[in-house]
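S.K.: Sequence first, predicted coordinates after that:
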Protein chains: 2
Amino acid sequence: MSSTPTFRRLPRAVREQQMLDAAVKVFSRRGYHGASMDEIADDAGISKPMVYAYLGTKEELFVACLHREGNRMTQAVTSAVAPDLSADERLWRSLRAFLGFVGAHRDGWAVLYRQARGEQPFAGEIAAMRRRIVEVVTELLDHTLRAEGREAAEVELEVAAYALVGATESVADWLVDHPEADPEQTATRMMNVAWVGAAQLLAGTSWRPPIRRGEAPS
Amino acid sequence: MSSTPTFRRLPRAVREQQMLDAAVKVFSRRGYHGASMDEIADDAGISKPMVYAYLGTKEELFVACLHREGNRMTQAVTSAVAPDLSADERLWRSLRAFLGFVGAHRDGWAVLYRQARGEQPFAGEIAAMRRRIVEVVTELLDHTLRAEGREAAEVELEVAAYALVGATESVADWLVDHPEADPEQTATRMMNVAWVGAAQLLAGTSWRPPIRRGEAPS
């Protein structure tokens, strides 16, 4: 990395990152189906056969983008959190790191989520990544409860975790569409909706459906 | 509708609904790209040229599915809510109607959201539908605040609405994957996470980032 490579003699790893950078940019602009290998090769300043030789088919290239952006995101979040922090501090740091990452890599986020979520061959990758995130959040909630000598049914924690993760994804989507929005301030807003609710729930305050169904309360 | 149609002489509207039923089923099983017009025609018991003649290309058929399922869902939710209800009652009824709909039409939900969300030509349809839902929720929050003689910046309400909508979508996805889960109970869980947080927020309780950054609270 510290050598001064000529245009033709870049190390393979550097070339690959250049191709992935170009691919993330093109996929996020055109979508998976709309993106052409020609445009990706052009943008990376590399011949199309070389892109195929290094990273395989368009599908393999897309999966490589997903993995790189997903790993970067996961690293940003995990490096921001230490296990000895309190639950709200851990959630806060995770949200700040996650939304900070999204704000700084709007292309990557768009590729990862908007396109892959519904796309047939990639939906599985996204679902698996999401399940891991949900597990981490479920554990966080469970850990917090146990620290207070209480516990909740697995299904309760899981639904709460899905809600928190879904809320965060949705706010991240909003952030992508609002380049003027500050990621840290957005994380604070998210914390207010997510944590304030979760904290109340963990403290035992809960909402119950009205008993008199069909009757409008005044 | 009250006539007794023979197999060959079904009214066009009935035929179309049969084709849409078949299309929703096949799209949700195979995904947009994996679904074939042959399988849809087979499932509907109609010739392929007739499917094309009635509902157009595969893309047009998919959009027709999106619209029908989206309208059914919207109707289920709006018919459950009256404007004179309190905010928590309106949110509760909306959640119950929405998750009840998802539970009863798991195929339709899968088509609508899982596939269309990331798919290039349809992402716009989903985004527009989502924006309308977010607007309704933003209004609900704003209305509740104003009724108490307070107000919040538009952006605060919007982010809270995105969080609520995202949380609900995520929980709906969970519901699709858990056929044993009761939609009403799931709506109650969602209410606990969403409303308890929103209510606190509306009451002026809010979470602030810790002042001493980088320091782990004990």
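M.R.: Received, thanks. Residues are numbered from 1 along each chain as shown, chains lettered A, B, ... in the order given.
S.K.: count of residues packed around A:Lys58?
M.R.: When neighbours are defined as other CB atoms under 10 Å in any protein chain shown, A:Lys58 has 18 of them. Bear in mind the C-beta positions are built from the backbone N, C-alpha and C, glycine included.
S.K.: can you pull the contacts of the nearest residue to it once chain neighbours are set aside?
M.R.: Leaving aside its chain neighbours, A:Lys58 sits nearest to A:Met37 (5.8 Å; criterion: CB to CB, 6 or more residues apart in numbering or on different chains). Residues near A:Met37 by CB atoms under 8 Å, 6 or more residues apart in numbering or on different chains: A:48, A:51-52, A:58, A:61.
S.K.: From the residues you listed, list the buried ones, please.
M.R.: Among the contacts of A:Met37, those buried by neighbour count (16 or more other CB atoms under 10 Å in any protein chain shown) are A:51, A:58, A:61.
S.K.: on contacts alone, who are the packing partners of the strand or helix carrying the first one?
M.R.: Read it as A:Val51. A:Val51 belongs to helix A:48-55 when elements are defined using DSSP states H and E. Packing partners of helix A:48-55 (3 or more CB pairs under 8 Å, 6 or more residues apart in numbering or on different chains; DSSP states H and E): helix A:12-34, helix A:37-44, helix A:58-78.
S.K.: Could you tell me how far stretch A:126-134 lies from the centre of the chain?
M.R.: Centre-to-centre, stretch A:126-134 and its host chain are 9 Å apart (CA atoms, centre = their mean, to the nearest Å).
S.K.: Would you indicate which residues of it are buried?
M.R.: Going by neighbour count (16+ other CB under 10 Å), the buried part of stretch A:126-134 is A:126, A:129-130, A:133-134.
S.K.: what do you get for stretch A:49-63?
M.R.: A:51, A:54-55, A:58, A:61-63.
S.K.: can you tell me which of the contacts of A:Met37 lies nearest to chain B?
M.R.: Taking CB to the nearest CB as the measure, chain B lies nearest A:Lys58 of these, at 13.5 Å.
S.K.: which residues touch that closest one?
M.R.: By CB under 8 Å, 6+ apart, the contact set of A:Lys58 is A:32, A:35, A:37.
S.K.: list the contacts for the second one?
M.R.: If a contact means CB under 8 Å, 6+ apart, then A:Ala35 has A:23, A:26-27, A:29, A:58 as its contacts.
S.K.: quick one: least confident of the residues you listed?
M.R.: When the contacts of A:Ala35 are compared by pLDDT, A:Arg29 scores lowest at 83.
S.K.: Apart from its chain neighbours, what residue comes closest to the residue most central in space within chain A?
M.R.: By CA atoms, centre = their mean, the mean C-alpha position of chain A lies nearest to A:Met73, the distance being 6.2 Å. Closest residue to A:Met73 apart from its sequence neighbours, by CB to CB, 6+ apart: A:Phe101 at 5.2 Å.
S.K.: Might one say that the one you found is in contact with A:Thr74?
M.R.: No. Using CB atoms under 8 Å, A:Phe101 is not in contact with A:Thr74, being 9.4 Å away.
S.K.: Can you tell me the closest non-neighbouring residue to A:Trp109?
M.R.: Spatial nearest neighbour of A:Trp109, excluding adjacent residues (CB to CB, 6+ apart): A:Val102 at 4.6 Å.
S.K.: quick one: pLDDT of that neighbour?
M.R.: The model's pLDDT for A:Val102 equals 87.
S.K.: cool, A:Asp142 as well?
M.R.: Looking at A:Asp142, its pLDDT stands at 82.
S.K.: Could you check how far it is from chain B?
M.R.: 15 Å (CB to the nearest CB, to the nearest Å).
S.K.: Measure how the strand or helix carrying that residue sits relative to helix B:12-34, angle-wise.
M.R.: Using DSSP H and E, the element containing A:Asp142 is helix A:120-147. Counting by axes from the mean of the first three to the mean of the last three CA atoms, to 10 degrees, helix A:120-147 points 80 degrees away from the direction of helix B:12-34.
S.K.: anything in the helix or strand following helix A:120-147 near chain B?
M.R.: The element immediately downstream of helix A:120-147 (helix or strand, assigned by DSSP H and E) is helix A:154-177. Yes. Using CB under 8 Å from any CB of the partner chain, we find that helix A:154-177 touches chain B at A:155-156, A:158-160, A:162-171, A:173-174.
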